[in-house]
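**Q** I'd like to go over a predicted model; first the sequence, then the structure.
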Amino acid sequence: MADVRIEHLVTSGTFSLDGGTWDVDNNVWIIGDDREAIVIDAAHDAEAIAAALGGRTLRAIVCTHAHNDHIDAAPALADRTGAPILLHGDDLLLWKQTHPERSPDGELADGQVVSVAGTELTVLHTPGHAPGAVCFYAPELGTVFTGDTLFAGGPGATGRSFSHFPTIIDSIRDRLLSLPAQTVVRTGHGDATTVGDEAPHVEEWIARGH
């Protein structure tokens, strides 16, 4: 456990949904030690992610959700490393919009534990931004990887297909803000925050709506 570290890579590409396309920068998270690792959200650039992994064994590519900007490089990285791609089943419809010919290799379920380098990440199903959105909570590392469910300053967007604002608020309040206040929130885009910094603002988000 002492050797486990969190590495952060930013990759750039586009996000497309409902007929629109936007330029985006994505956070790719690598958790592991000198021997093995997992990747959270293989975004845009399989070569850059593989380079960051070096010679380590990639145990899994886990997806916080299946919007194209979070999964577009996953098949190429899987082909290169032999690692399985894991996604919550409720996001298969979204996945198929980007990769109609390639299915994930396994499903993520609420409460499932993903282990790497002697540390454990628990899957928290947090629908709202997408039906199969999940977060990965690593208590030993004092962090939760939230994808696009929770950002510094508020919830992820819910103005497009397959998303729902009341659902994301429930997910954040019930599954994330109940974590210890000092838990670092590592997001799918932008800067990190903490549970304690975000918790006081839920009522503001609800009033603001989406």
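**A** Structure's in. What do you need?

**Q** residues contacting the nearest residue to residue 154 once chain neighbours are set aside?
**A** Spatially, and ignoring its direct neighbours in sequence, residue 154 is nearest to residue 205 (5.2 Å; C-beta to C-beta, 6 or more residues apart in numbering). For glycine as for every other residue, the C-beta is placed from the backbone atoms N, C-alpha and C. Contact analysis of residue 205 by C-beta atoms under 8 Å, 6 or more residues apart in numbering lists 154, 155, 169.

**Q** how about 10 Å then?
**A** 153, 154, 155, 165, 168, 169, 172, 173, 198 (C-beta atoms under 10 Å, 6 or more residues apart in numbering).

**Q** And those residues, which of them are buried?
**A** 154, 155, 165, 168, 169, 172, 198 (16 or more other C-beta atoms under 10 Å).

**Q** so the fifth one touches residue 204, yeah?
**A** No - proximity of residue 169 to residue 204 does not meet the contact threshold set by C-beta atoms under 10 Å, at 11.2 Å.

**Q** This structure: helices as residue ranges?
**A** According to DSSP state H, the chain carries its helices in the segments 46-53, 68-71, 74-81, 92-98, 165-171, 195-198, 202-208.

**Q** and the first one, what other elements does it pack with?
**A** Packing partners of helix 46-53 (3 or more C-beta pairs under 10 Å, 6 or more residues apart in numbering; DSSP states H and E): strand 5-17, strand 20-32, strand 36-40, strand 57-62, helix 74-81.

**Q** The nearest residue to residue 93 once chain neighbours are set aside and residue 55: what is the separation?
**A** With sequence-adjacent residues excluded and distances taken as C-beta to C-beta, 6+ apart, residue 93 is closest to residue 162, at 7.3 Å. Counting by C-beta to C-beta, to the nearest Å, the separation of residue 162 from residue 55 is 38 Å.

**Q** Perfect, that will be all.
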